[in-house]
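1. what follows is a protein structure lacking sequence information:
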């Protein structure tokens, strides 16, 4: 079984000064939630073998802050194409990964992350808030054979930062 952890970047600071959307930083809440979600993933022992992150500043900082508070020693690849990726682009990216990786964490953006869950659950209008994490398992042992469908993939869990407050 292969699996992917989807990790949306933390809340960004719309009031900050930045020259391009790609360089928009995290807000205080985004910093707090990124750290909390990293600690949470460690507590539930959901540690990926590889992290592939968008190159957008808010995504990079999210995963760096999440890792700061863990003992993970995971390779990170920064992939510019995640920033404005289509569903096909993300699936193709996963399909190119080496089979030695069982679980990959994708750090990215909306609306594409919710689109992945919508495909798996055959539903529409899934909300994927900032700093939320979800895990999808695929019914295959080879990345190049993954499929997003109810029959060949499954949403294992989905947690939002506010879920940790309960």
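-> Perfect, I can see it now. What you are looking at is a predicted structure, and each value in this text was computed from that prediction instead of being measured. Numbers count the residues shown, from 1 in each chain.

2. which residues in the protein form helices?
-> 28-43, 57-68, 87-95, 112-121 (DSSP state H).

3. ok, which of the ones you listed comes nearest residue 134?
-> For the helices of the chain, proximity to residue 134 was assessed by Cβ to Cβ; helix 112-121 is nearest, at 6.0 Å. (Glycine included, C-beta is placed from N, CA and C.)

4. in stretch 62-70, what counts as buried?
-> 62, 63, 65, 66, 67, 70 (16 or more other Cβ atoms under 10 Å).

5. can you give me the buried ones in the helix or strand of the chain at the bottom of the mean pLDDT ranking?
-> Here the helix or strand of the chain ranked lowest by mean pLDDT, DSSP states H and E is helix 112-121, holding a mean of 91. Of the residues in helix 112-121, 112, 113, 114, 115, 116, 117, 118, 119, 120, 121 count as buried by neighbour count, 16+ other Cβ under 10 Å.

6. and the last one, what does it touch?
-> What that stands for is residue 121. 150, 155 (Cβ atoms under 8 Å, 6 or more residues apart in numbering).

7. go on, the second one?
-> Taking Cβ under 8 Å, 6+ apart as the definition of contact, the neighbours of residue 113 are 6, 8, 106, 128, 134.

8. residues touching the nearest residue to the fourth one once chain neighbours are set aside, list them.
-> Okay, so that is residue 128. Closest residue in space to residue 128, ignoring its immediate chain neighbours: residue 114 at 4.0 Å, by Cβ to Cβ, 6 or more residues apart in numbering. Counting by Cβ under 8 Å, 6+ apart, residue 114 makes contact with 126, 127, 128.

9. and those residues, which is closest to residue 20?
-> Using Cβ to Cβ, the contacts of residue 114 come closest to residue 20 at residue 128, 23.2 Å.

10. ok, residue 116 touching residue 88?
-> No. Checked against Cβ atoms under 8 Å, the pair residue 116 and residue 88 is beyond contact range at 11.3 Å.

11. returning to that earlier point: run the chain-centre distance for the least confident helix or strand of the chain.
-> From the chain centre to the centre of helix 112-121 is a distance of 12 Å (Cα atoms, centre = their mean, to the nearest Å).

12. what do you get for stretch 92-108?
-> 11 Å.

13. looks like residue 77 contacts residue 52 (just checking).
-> Yes. When contacts are counted by Cβ under 8 Å, residue 77 is listed as touching residue 52 (4.9 Å).

14. more crowded one of those two?
-> Shown here are residue 77 and residue 52; by other Cβ atoms under 10 Å, residue 52 has more neighbours (24 against 12).
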